[in-house]
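> got a predicted structure here, sequence first:
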Amino acid sequence: MYRGVSIAPLVVFRIIFGALMLFGAVRFLSKGWVFDNYILPDFHFTYLGFDWVEKLPGNWMYLPFILMIIASIGMILGAFYRINATLLFLSFSYIELIDKTYYLNHYYFVSLMLLLLIFIPAHRRFSLDLKIFKLQQWDEVPAIYRNIICFLLGLVYFFAGIAKIEYDWLVLAQPLKLWLDKFHHLPLIGGILANDYVAYFFAYFGLIYDTTIPFLLLGKKTRPYAYFFVISFHIITWLLFPIGVFPWVMICSTLIFFPASFHLKLLQKLEAWLKVKTQKGMVVTKVNQLYKYFILVFVVVQLLLPFRYLLYPGNLFWNEEGFRFSWRVMLMHKEGLATFYIEDRNTGKQIEIDNSDYLTESQEKQMATQADFLIQYGHHLYDQFKDTLLVYGQHQVHLVDPIVRADVKVSLNGRLNQQFVSKKYNFADLKYDLKHRTFIEEFKP
């Protein structure tokens, strides 16, 4: 773990990951998502414990994305590397913490990888820092720096694999049947993709792929074949499903599993092309004691966190208690309809809420199927209507302490709609915490 290994894989990874971050930030800006997702909405669904994270006012919200672009370029060039790695981690994580509506597993993965890169000395070769700070080149570094990257990549795949060992995925081939059936209209391949046998093939292949690919990438003889499947698998998923840049992140990141000689050749060609003069570097085998403790805590947390769902009763995909941060990738399809009502405590009179008055389409879609979103939205509506006039017909009532009710129905993986939450609960009284949410109706398979 602490033996000296070539620094080349870390340098190549730094350049590739920096380029991916640069592309992602530019893509986000070019599609107008900064305005649509962060500037336009008045209300955001914050993570538990992070309600203090607020968006910047107006067009200032473009600032963290501009900082990401600058920091990504700095990472690629190895200029002020640790400062830019830290800036990249903080700006990216800040953006993600503003609203969990846009949570994706690969965003979480990126945040974790950026956190690791802050402490990894990937700037000690082929970087501007060598000239800026007159640093001596390092040729070898402790293996732990590369191993922790491989660990995180392997963990993502393996946990995504074991999460597929469940009824809907293996027995019903859901939600793959639902998703693939949408391609039935395509010429030539539409009928093939919509065939149930194809859905089952994808389901079982996905399980085998995810659970075995980390180990196959580690093997010298199996690595070339494994990487072929990495490329094939992720390009197919990219073509079929709207999962953004995640396939390209994994295709590029898994190159870290290739031997140091592979990365060294790439680096030497790049150095020769740019006419960068290299020097005989140091062999470094010592690791800071604090970093060892950090890695230990990081590994333990990442191994335990995906299993926290075991602390909650009921169906995980129905309740979604312990679902996030557990690498359950593309395992469910939920559709919901949440109708909220504001009720006068004294007269019992109600008005129905038009959710589009308060939420974007993306926010409403997520809110309608997830209990924690429902609680937060209920609290927001309470704040909006407290001490206001409730108008119904020709009458109006002053709402001092309104009741917020919701009738929520949800469909999971193609099943018929089921009652998710009934109108008997006052959402203004429900607490947003880590406890099991007893107001959720029991799932009926």
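Sure thing, it's come through.
> can we go C-alpha only for contacts and neighbour counts from here?
Fine.
> so A122 sits against I15, correct?
No: in this structure A122 lies outside contact range of I15 using C-alpha atoms under 8 Å: 9.1 Å.
> these two: which is more packed in?
Neighbour tally, A122 and I15, criterion other C-alpha atoms under 10 Å: the higher count belongs to A122, 27 against 22.
> wait, what's in contact with that one?
Each residue near A122 by C-alpha atoms under 8 Å, 6 or more residues apart in numbering is listed here: I7, L10, V11, R14, G78.
> what's the helix or strand for the third one?
Here V11 is covered by helix 8-30, with elements defined by DSSP states H and E.
> mean confidence for that helix?
Per-residue pLDDT over helix 8-30 has a mean of 97.
> could you shift the numbering so residue one becomes 6, and keep it that way?
That works, and once the first residue is 6, the last one we named lands at helix 13-35.
> run the chain-centre distance for the next helix or strand after that helix.
Once the chain leaves helix 13-35, the next helix or strand it forms, by DSSP H and E, is helix 38-39. With C-alpha atoms, centre = their mean, to the nearest Å as the basis, helix 38-39 stands 17 Å off its chain's centre.
> what of stretch 240-256?
13 Å.
> can you check stretch 210-227 too?
Centroid separation for stretch 210-227 versus its chain: 22 Å, with C-alpha atoms, centre = their mean.
> quick one, phi psi at the residue located most distally from the centre of the chain?
Farthest-out residue of the chain from its mean C-alpha position, per C-alpha atoms, centre = their mean: Q399, at 48.6 Å. Backbone dihedrals for Q399, given as degrees, to the nearest 10, come out at phi -90, psi 0.
> now K339
Torsion angles, degrees, to the nearest 10, at K339: phi -120, psi 140.
> surely it touches V415?
Yes: at 6.8 Å, K339 counts as touching V415 under the criterion of C-alpha under 8 Å.
> spit out the residues that contact these two alike.
In contact with both K339 and V415: T374, using C-alpha under 8 Å, 6+ apart.
> return stretch 174-190 as PDB; C-alpha atoms alone will do.
Extracted as PDB, the C-alpha positions of stretch 174-190 are listed here (Å, rounded to 0.1, in the frame of the first residue of the first chain):
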ATOM      1  CA  TRP A 174     -34.800  -6.300 -11.500                       C
ATOM      2  CA  LEU A 175     -34.300 -10.100 -11.800                       C
ATOM      3  CA  VAL A 176     -37.800 -11.500 -11.900                       C
ATOM      4  CA  LEU A 177     -39.700  -8.700 -13.600                       C
ATOM      5  CA  ALA A 178     -36.900  -7.100 -15.500                       C
ATOM      6  CA  GLN A 179     -38.200  -3.800 -14.400                       C
ATOM      7  CA  PRO A 180     -37.800  -0.900 -15.000                       C
ATOM      8  CA  LEU A 181     -35.900  -2.000 -18.100                       C
ATOM      9  CA  LYS A 182     -39.100  -3.300 -19.800                       C
ATOM     10  CA  LEU A 183     -40.700   0.100 -19.300                       C
ATOM     11  CA  TRP A 184     -37.700   2.000 -20.700                       C
ATOM     12  CA  LEU A 185     -36.900  -0.300 -23.600                       C
ATOM     13  CA  ASP A 186     -40.500  -0.400 -24.700                       C
ATOM     14  CA  LYS A 187     -40.300   3.300 -25.500                       C
ATOM     15  CA  PHE A 188     -38.100   2.400 -28.500                       C
ATOM     16  CA  HIS A 189     -40.700   0.100 -30.100                       C
ATOM     17  CA  HIS A 190     -41.400   2.700 -32.800                       C
END
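> and the helix holding V16, what does it pack onto?
The contact analysis (3 or more C-alpha pairs under 8 Å, 6 or more residues apart in numbering; DSSP states H and E) places helix 13-35 against helix 68-82, helix 149-167, helix 251-258, helix 265-278.
> tell me how far the first one is from the chain's mean position?
Taking the mean C-alpha point of helix 68-82 and that of its whole chain, the gap between them comes to 20 Å (C-alpha atoms, centre = their mean).
> now do it against helix 13-35, angle only.
Orientation of helix 68-82 against helix 13-35 (axes from the mean of the first three to the mean of the last three C-alpha atoms, to 10 degrees) gives an angle of 150 degrees.
> and the helix or strand just after helix 68-82, what other elements does it pack with?
Next along the chain after helix 68-82, taking DSSP H and E as the criterion, comes helix 86-103. Using 3+ C-alpha pairs under 8 Å, 6+ apart, the elements in contact with helix 86-103 are helix 68-82, helix 110-124.
> good, wrapping up.
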